[in-house]
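J.: what would the 3D arrangement of this be:
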Amino acid sequence: MKQITKLSLSFAFATAILLSSCNWWKKETLTVAISPYQDIAMIINIKNLELEKKYNTQVELQTMNWEDIIPAVASSGKTIDIGFGSLVEYLTKSNNINKDTKDPLLFIYPAYIYKGGGFITFNNDIPIINSSDLNNDSLVASFLKNKIGAQKNSLYEMLLYSLAKRNNVAYKDLKIYDTPMNDGLLATQNGSLEISSAGLTQITEALKQKGRVVLTMDDMGFADVTGFICKKSVLDKKRKEIESLIKMWFECVDYVMKDIDNNSKFSLKYLDEKAATKYTLEQYKTALSQEYFPITIEEAKEAIISDSGKFGYQRISKDVSDYLFTNKIVNTKPAIPQFIDLNNQ
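T.: Numbers count the residues shown, from 1 in each chain. Okay, the predicted model is just below:
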């Protein structure tokens with residue numbers, strides 16, 4: 001009997017250890033909405049880096065169109081728990097989405113910054129605005145007196161609003177023309193516009209044609225923040241899993257950015273299967289160069305979350321909120337998001 005008892009106890013102990021080691025698979029799955037873009041694709045490395053096991057959190061990635069993520073996440077977690085979203089888009093839509101609800105959609109943490117845009121000209125008399133010139137009232141006023149092409153309600157128009165506000169230039173006096181970037185490039189070349197907004201494609205073409213870049217998002221410290229969005233109820237219910245997911249994101253970014261040549265293969269495979277744009281390695285590296293990726297939580301705190309950060313989100317949010325209200329896009333200024341407290345452990 002004693003021998004049988006010992007064997008039973010040993011079996012029970014071994015079973016307990018086995019169940020404990022496999023317990024992470026029993027965790028409630030966190031469903032994450034992603035879109036097939038070069039930046040977000042880095043999260044695919046959760047699997048090959050075995051981060052689910054490390055953080056005791058099971059993640060299910062669901063690919064969908066960018067414009068479908070906010071509606072999916074806003075559906076009270078019925079289909080998606082958490083996803084990626086644009087801070088500017090969130091601020092623009094949050095009043096309507098969160099109207100008359102006790103379970104608001106939240107923008108809870110930053111992931112990365114798009115900083116690749118700027119303004120170009122073919123007029124050699126127009127001054128260049130560098131980061132050291134941003135508070136030079138006379139130089140900025142001289143820059144802003146020109147005819148500028150920027151699509152209405154775009155991030156580029158918001159940047160001009162922020163620059164004018166910073167230097168006490170009346171925004172209503174600016175001569176901004178609602179112009180898509182490709183049209184703006186041509187209009188600037190032929191002189192009907194003096195300055196135009198430009199992305200990577202337009203900047204590259206302008207430089208080929210002996211144009212100049214006169215202001216960049218990077219120098220301005222004004223850009224769109226992409227980060228994590230979820231409903232308050234989901235955050236309350238799955239706070240631990242969500243914190244783990246955010247930490248996984250930074251590990252994935254660190255992995256890719258340390259050695260893009262060798263560590264981008266999983267991202268590129270995913271993009272080749274899911275994205276409309278098919279990237280070569282060099283194209284992928286060029287695309288990533290237009291963005292800023294903090295690789296640790298501490299770096300994100302310093303560059304984005306801190307009031308003194310280069311891309312301080314509170315300053316950007318306040319300027320976007322003011323712009324939306326001033327231009328009557330919203331009736332009430334949207335609230336600036338409060339990010340969750342996340343340590344680096």
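J.: and the nearest residue to M181 once chain neighbours are set aside, how far from K231?
T.: In space, and not counting its chain neighbours, M181 is closest to Q202: 5.0 Å by C-beta to C-beta, 6 or more residues apart in numbering. C-beta coordinates here come from the backbone N, C-alpha and C atoms, glycine included. Look at Q202 and K231: by C-beta to C-beta, to the nearest Å, they are 38 Å apart.
J.: where in the stretch 101-250 of the chain is pLDDT low?
T.: For the stretch 101-250 of the chain, no stretch is flagged by pLDDT under 70.
J.: how about the helices in it?
T.: Remark: helices assigned in the stretch 101-250 of the chain by DSSP state H, counting those that start in this stretch are 137-144, 155-166, 181-190, 200-208, 217-220, 232-237, 239-258.
J.: using JSON lines, please lay out the ones you listed together with distance to A300.
T.: Listed next are the helices of the stretch 101-250 of the chain as JSON lines, based on distance: least, C-beta to C-beta, whole Å:
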{"stretch": "helix 137-144", "distance to A300": "29"}
{"stretch": "helix 155-166", "distance to A300": "20"}
{"stretch": "helix 181-190", "distance to A300": "29"}
{"stretch": "helix 200-208", "distance to A300": "24"}
{"stretch": "helix 217-220", "distance to A300": "17"}
{"stretch": "helix 232-237", "distance to A300": "18"}
{"stretch": "helix 239-258", "distance to A300": "7"}
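J.: out of those, which comes closest to A335?
T.: Nearest to A335 among the helices of the stretch 101-250 of the chain is helix 232-237 (12.9 Å), distances taken as C-beta to C-beta.
J.: just how off-centre is the closest one within its chain?
T.: Relative to the chain's own centre, helix 232-237 is displaced by 21 Å; criterion: C-alpha atoms, centre = their mean, to the nearest Å.
J.: show me the contact partners of that helix.
T.: 76-77, 81-82, 103-106, 108, 242, 340 (C-beta atoms under 8 Å, 6 or more residues apart in numbering).
J.: tell me the one of those nearest A150?
T.: Of the contacts of helix 232-237, the one sitting nearest to A150 (C-beta to C-beta) turns out to be L105, at 28.1 Å.
J.: that closest one: how many residues sit nearby?
T.: Residues lying near L105 (other C-beta atoms under 10 Å) number 23.
J.: that one touches P71, doesn't it?
T.: No: judged on C-beta atoms under 8 Å, L105 makes no contact with P71 at a distance of 9.9 Å.
J.: give me the distance between D259 and D137.
T.: 45 Å.
J.: among the contacts of helix 232-237, name the ones in strands.
T.: 82, 105-106, 108 (DSSP state E).
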